[in-house]
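Peer 1: give the three-dimensional model of this entry:
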Amino acid sequence: MPGEKVFLYTNIIIYAYDISAGEKHLIARKVVVDLWDSGIGLLSTQVLQEFFVSVTKKIQKPLDVRGAKEVVNDLMKWDMVVNDGETILGAIDIHQQYKYSFWDSMILYAAINGGASTLLSEDFTGGQTVLGTKIENPFRNSPPS
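Peer 2: Numbering: from 1, shown residues only. Here you go, the predicted model:
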């Protein structure tokens, strides 16, 4: 539906740049390209920070710092939720009510605050809707990597 925003959890972007992730890499890459083409992608400052650390330190074939910085710079062209005090307080409420980790609650609140109709993640329970944002796992029907 035109005008809807889709928020990406950090792992989706990491898989898009982690060629060792197998089928998840292919699926995540398609998701990212589709969101680029449609212009409905949404991220937060937390997601970009986590992405940078993960792709330069934690994946099997890390990106160099310069390459990772270029990706972050490109992704900053998407709609961006800047985490602030409101985000922290909203995340605490979600953490209390839904029992997600605080850091996951920060991401979920950023998605909600940014007006996302959908949050794509493999780390939340797919199919759940929280404060109007539906959580979906794009890898649900794919084999584990």
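
Peer 1: where's residue 25, which helix or strand?
Peer 2: Secondary structure from DSSP states H and E places residue 25 in helix 23-38.

Peer 1: who's in contact with residue 61?
Peer 2: 18-20 (CB atoms under 8 Å, 6 or more residues apart in numbering). All C-beta atoms are positioned from the backbone trio N, CA, C, and that covers glycine.

Peer 1: let's see 6 Å
Peer 2: Contact analysis of residue 61 by CB atoms under 6 Å, 6 or more residues apart in numbering lists residue 20.

Peer 1: confirm that it sits in a strand.
Peer 2: No: note on residue 61: no strand contains this position according to DSSP: H, G, I helix; E, B strand; the rest coil, which reports coil.

Peer 1: please report how far it lies from residue 115.
Peer 2: Computed with CB to CB, to the nearest Å, the distance linking residue 61 and residue 115 is 35 Å.

Peer 1: same thing with residue 36?
Peer 2: Going from residue 36 to residue 115 by CB to CB gives 19 Å.

Peer 1: re earlier: now for the helix holding residue 25, which elements pack on it?
Peer 2: Where contact means 3 or more CB pairs under 6 Å, 6 or more residues apart in numbering; DSSP states H and E, helix 23-38 is packed against helix 10-17.

Peer 1: and the angle from the helix it packs on to helix 23-38?
Peer 2: On the basis of axes from the mean of the first three to the mean of the last three CA atoms, to 10 degrees, helix 10-17 is oriented at 100 degrees to helix 23-38.

Peer 1: can I get helix 10-17 in CSV, CA atoms only?
Peer 2: Output in CSV follows, covering the C-alpha atoms of helix 10-17 (Å, rounded to 0.1, in the frame of the first residue of the first chain):
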residue,chain,number,x,y,z
THR,A,10,19.3,-4.3,12.5
ASN,A,11,19.7,-8.0,11.6
ILE,A,12,17.9,-7.6,8.2
ILE,A,13,20.4,-5.0,7.1
ILE,A,14,23.4,-7.0,8.4
TYR,A,15,22.2,-10.1,6.4
ALA,A,16,21.9,-7.9,3.3
TYR,A,17,25.7,-7.2,3.5
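
Peer 1: which other helices and strands contact it?
Peer 2: Judged by 3+ CB pairs under 6 Å, 6+ apart, helix 10-17 is in contact with helix 23-38, helix 45-57.
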